[in-house]
Every structure is written in structure tokens, then in C-alpha cells.
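Colleague: sequence unknown, structure follows:
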């Protein structure tokens, strides 16, 4: 109970200090819009924060978004977003996928998401007609506007000085996520939930990590480390969480432990990924004195949490452009900076035109590891393995689409040697995430683009919406030997996309926390059974018996196939 006692007093003080810095109590009025930008006496930002959002606080609307008040570059970008929408294309054939890919490359459009059922594209409203002009007629009727008012959603993601807020309706006819007022409030376990009430800027995340380091380093539980430096010279901090082999000497070690690595923030605009890494780290730390399963996991494994692998891009989303995706590294084209870090790793790096166009959102560089942050992670991980560390699992968090993806990303024609194990664990990760809050996560190979298969039963290569070479999960799986490597795309499935409201930080974090507990238990050889809370799961299974049974049958079949293939194996 030592850590719980420690949380009650100094932790409250420091957290309140952090939030005083993050959310100043003294608010100035928002910049006045020019007469041409006013409507019924309301400024542009006040109009953005009108319907469909209803804020429960009775404070003046002029104080709703402190961050926007002090960042004029953001205000200018919000006006640009006012004319942008997100379109969802229902893509069902290889020909449709190829045509859409060609149009996206030609118009340099921003692909938000692609699955085996759909592709989401961000576009200015005035460019919709030219886009349709180069697409086949069969696609003209297979699309709809998913997010009609992008600027309003962007404005709502920045922190507010209101004590609480809620969304009364999703912006897209309820597609993709349960409305916030239909979700039971998460169990409050202390003042730490304040940190997860809003998305946090980089400075506050770094302060939070330093605080955890200072509080728990003495017990040998937490150590803040640096993965390296970003292109602009920022630290890439991480938390190494684990229980030392010798409790008598917390700072000593009998040798490196097997390690689980979890990263977020590879794509700057995917704020929920960074918040979720922080939430899971904190959940493991605060459960050490409460949950024997967590103790077993942390006695056997160190977990390295990297919440923001792309700090330059993340900072840019807070100061200038909320929807910035890439890093901020200079390219050969002055007006198109930034690298897509998830196309910059060295394994099967793909020098296709799609990846080597600097203005593309998927630009991976002109050669492998040209992106500084990708090279820093790889160098750090390689140094760890050279010093005896074995990476047993890797989770790379992204948004959105609620999917668990396994290698390979670079090709559908090649299958990993342990494909059945990867599929089995992916299904179980998805199941434990669903059992947390009822949200369905699907599983598939990371290579899949907008079409599930070529339709002819072969593994032939095909044109894809986004090239898959140079991904982090492929590199760490193949080059560093992490047998269980996954990219997990968190909430939602499109109603908010990258602009998931802060109400969903804690529920999403809880989903991944339950999945991580299962994964740790599985790696201990228990196949997830010891971490099973039978009372809680039994209650939830009564509502989801059919889905659970179907997935259990799939997993059992995978195990039978693996046993048949391994008869006589050494």
C-alpha cells in the first residue's frame, strides 16, 4: 500500500500544479473576428463551439478553449478546416482500389483510414467535383460525407477550462462509436484521472513522466529513459516499468529482463495513441500493490512505454496544425517538410513513387532510416539487444478503425512463420478489449489495403491505397525478433476519426490495459487464464455470448492446425 499512500498528498499538489500550468485559470477573451467573419454577433471560434457540442459548464463561452485563445496560428488553420470534409468511399473491388489510389496520388489527398471495407479521405469541399471527375462512375454512388464540419471537431479537441463537458450527439448519424452519454462513467480511482480528463501538450506529458520517475524510482519500479533526440532536438522520453529482481537493492539488476515495447504518437495527430500509452503505463504502476497478476508480469518483464515517438510533429499539432501527421524534418522540397515515420524503418523499405513524394502524407524518405526519429528508435532497440535485452512483444498504437494488425505490412504474398500464433493472440487481444467496454475490434494482416483479398484465392500483389514497406511492426518483428508484434488502431471507426473527444481517453485506455494484462499473462505461459476476472467477465459475457464463442472456436481451430503442422517438429 506504500504507493497508494504516496499518491494522496504530494501527488495531488504536483498534479494541481501541472494543471495550473496547462489550464490557466485567468482567461482572456478570444481574438475578435473581422466583421466579415462574424455571424449574429458571434466570433468564428464561438460559432465553431456551438452545436453539435453542448458544454455542461455554465461558464462564459469565451473561456471554453484556453489553448485556442493563445495560439493565433491555430485560429488561422481552423478557418482553413472550415471548408474541409472527410469522405468515406465503400471500396469493394481491386479496380476501385487502384482507381482511388491513383486519384489520391494525383491530387495529393490526405488518406485518413483504410480497411477491408472502406477508405476515408480528407478533402476541401470545392475539390470533391474534380475528384469525382477522375474516378470511375461506379464510385460516384459508393461514397458519403463522414465528417461534414471538420473545423468544429478540431476546435473541440483542445483543452477547455470548463470543469467537464460532454457530447450530446456524434456528428455523423451515430456511426462508429457509442455516444458519450450512453457510456457509463469510468470508475474514478483518484486525482490521477485529472491528467486524462483532457489531451495534454508535450510539456505536460514530459512533466508527468518526470513526476512518475521521481515518485517510484526509489522502489525500483519506474525509470525515465531517453530513446534519443528528434530532428528538432527534443528528447524522446520513455518510462521503463518493472519490478527489480532484488528488492533489497532496487537500483541493481541480475541482468536484463525480457522486454515489452509499446509506442504511441508515431503519427502526430493521433493524440489518443499518446494518451493511451500514458494511461496504460499509469495503470500498471498504480496496480502493483493491488493486482497480483500485474506483479507477476512486472517481475518477469520490463515494459518500456514511449508515448510520443514524434515529439516535433506532436508539438506542431498543438501550436499550428491539429491534423499534421508526419515529423517536421526538412526534405528536398522546401514547402513539403516531414517524414511518415511508419514508412521509414529499414525492413523491406519500399522506394515506390507513392512513398518518395515529399508532399505525400506517406512520404518515407529517399532511403531507409532517413527519418531521424525512426533511426533513433532502431538504434536504441539495437543497443538494447546488444546488451542482452530480448524484445518479446511490441505494440504500436495508432488511430483509428478499431483493428489489431499483425505482420507483415509490406506484402500480403509473404506470411510470417508464426502466423497462427500471431492470429490467435490478435483475436484474444481484440476480445479482451471488447470485454472492457463492449467496443468491437477486428483483426487482420497489416498488409491489407482497402480490399480484403484479390478475389481469386491467390496472394498476388496488388495496388494498395497506401504502400506498406518500412513499417515499425515489421522491423521490430523481423530484425529484433519480437515474436508478437502488432499495430493496434484505437477508437473510433469514423464518426470522429483522429479527433476523438477527450471523454473517450479513459475508456480507450482501459481497453488497452486489459489487452496488455492478457498479453503479459500469455507471455508467461498461462494463455491469459490467470488474469481472467471471472466475475467481471461473466457479467459481460452474458451480453456477448455469441461473439465470444465464435472467436473461441476460431482460436481453437488455429491451435489444432498448429499442432497438426508441428507433429514431428523439434
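Modeller: Good, I have the coordinates. Just so we're clear, the structure is a prediction, and the values are computed from it rather than from any experiment.
Colleague: Buried residues in the helix or strand harbouring residue 405, which are they?
Modeller: Assessed by DSSP states H and E, residue 405 sits inside strand 403-406. Across strand 403-406, burial judged by 16 or more other CB atoms under 10 Å covers 403-406. Where C-beta positions appear, they are placed from N, C-alpha and C, glycine not excepted.
Colleague: Just name whatever secondary elements the helix or strand just after that strand is in contact with.
Modeller: Remark: after strand 403-406, the chain's next helix or strand is helix 419-437, criterion DSSP H and E. With contacts taken as 3 or more CB pairs under 8 Å, 6 or more residues apart in numbering; DSSP states H and E, helix 419-437 sits against strand 403-406, strand 442-445, strand 484-490, helix 505-521, helix 534-541, helix 545-565.
Colleague: Lowest average pLDDT across the ones you listed?
Modeller: Ranked by mean pLDDT, the helices and strands packed on helix 419-437 end with helix 534-541 in last place, scoring a mean of 41.
Colleague: got a pLDDT number for residue 116?
Modeller: For residue 116, the model assigns a pLDDT of 77.
Colleague: Turn the buried residues of strand 403-406 into a markdown table, including distance to residue 508.
Modeller: Below are the buried residues of strand 403-406 laid out as a markdown table (distance: CB to CB, whole Å):
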| residue | distance to residue 508 |
| --- | --- |
| 403 | 14 |
| 404 | 14 |
| 405 | 17 |
| 406 | 20 |
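Colleague: Against residue 275, how distant is the closest residue to residue 223 other than its chain neighbours?
Modeller: Nearest non-adjacent residue to residue 223, counting by CB to CB, 6 or more residues apart in numbering: residue 240, 4.7 Å away. Residue 240 is 20 Å from residue 275, where distance means CB to CB, to the nearest Å.
Colleague: thinking again about what came up before, how close does the residue nearest to residue 223 sit to residue 302?
Modeller: With CB to CB as the criterion, residue 240 and residue 302 are 6 Å apart.
Colleague: what sits in contact with each of those two?
Modeller: Common contacts of residue 240 and residue 302, defined by CB atoms under 8 Å, 6 or more residues apart in numbering, are absent altogether.
Colleague: Compare neighbour counts for those two and give me the winner.
Modeller: Neighbours per residue, other CB atoms under 10 Å: of residue 240 and residue 302, the larger number sits with residue 302, 20 against 17.
Colleague: The more buried one should be in a strand, yeah?
Modeller: Yes - assessed by DSSP: H, G, I helix; E, B strand; the rest coil, residue 302 belongs to a strand.
Colleague: That one against residue 262, yeah?
Modeller: No - taking contacts as CB atoms under 8 Å, residue 302 lies outside contact range of residue 262: 11.4 Å.
Colleague: in this protein, which spans are strands?
Modeller: In the chain, the segments counted as strands under DSSP state E are 53-54, 84-90, 110-114, 118-124, 143-147, 166-167, 222-229, 235-241, 258-263, 301-306, 391-399, 403-406, 442-445, 484-490.
Colleague: measure residue 288 to residue 298 for me?
Modeller: 7 Å.
Colleague: what sits in contact with each of these two?
Modeller: 221, 243.
Colleague: Now for residue 95, how many residues are close by?
Modeller: Neighbour count of residue 95, defined by other CB under 10 Å: 14.
Colleague: Over to residue 367?
Modeller: A count of nearby residues for residue 367, using other CB under 10 Å, gives 11.
Colleague: And it, its phi and psi?
Modeller: phi -160, psi 160 (degrees, to the nearest 10).
Colleague: got the contact list for residue 393?
Modeller: So, once contact is read as CB under 8 Å, 6+ apart, residue 393 ends up touching 260-261, 482-486, 519, 523.
Colleague: got it, and residue 258?
Modeller: 300-302, 389-392, 523.
Colleague: Distance of residue 78 relative to residue 369?
Modeller: Applying CB to CB, the value for residue 78 to residue 369 is 35 Å.
Colleague: Equivalent analysis for residue 524, please.
Modeller: Distance from residue 524 to residue 369, counting by CB to CB: 34 Å.
Colleague: Equivalent analysis for residue 383, please.
Modeller: 15 Å.
Colleague: Looking at these two, which one has more neighbours?
Modeller: Between residue 383 and residue 369, counting by other CB under 10 Å, residue 369 is the more crowded of the two (19 against 10).
Colleague: Looks like the more buried one contacts residue 346 (just checking).
Modeller: Yes - look at residue 369 against residue 346 with CB under 8 Å: they come within range, at 5.4 Å.
Colleague: anything in contact with each of those two?
Modeller: residue 378.
Colleague: what bits of this protein have low per-residue confidence?
Modeller: The model of the chain has pLDDT under 70 over residues 1-65, 161-193, 246-254, 351-355, 449-467, 527-570.
Colleague: Recalculate using a threshold of 80.
Modeller: Regions of the chain meeting the criterion pLDDT under 80 cover residues 1-66, 68-69, 92, 116, 160-193, 245-255, 350-356, 448-468, 526-570.
Colleague: what does the domain assignment say about it?
Modeller: 81-151, 191-532, 536-570 (automatic domain parsing).
Colleague: and the ones you listed, which is most packed in?
Modeller: Across the domains of the chain, averaging neighbours per residue (mean count of other CB atoms under 10 Å) puts domain 191-532 on top, at a mean of 21.
Colleague: ok, residues contacting the strand holding residue 405?
Modeller: Outside strand 403-406, the residues touching it (CB under 8 Å, 6+ apart) are 115, 416, 419, 422-423, 426-427, 429-430, 433, 441-446, 448, 473, 485-489.
Colleague: And stretch 345-352, by the same measure?
Modeller: Here stretch 345-352 has contacts from 343, 364, 366-369, 374, 378, 408, 410-411, 467-472, 474-475, 478-479, using CB under 8 Å, 6+ apart.
Colleague: Now with 6 Å, please.
Modeller: Residues from elsewhere that reach stretch 345-352, judged by CB atoms under 6 Å, 6 or more residues apart in numbering: 368-369, 374, 410, 467, 469-470, 472, 474-475, 478-479.
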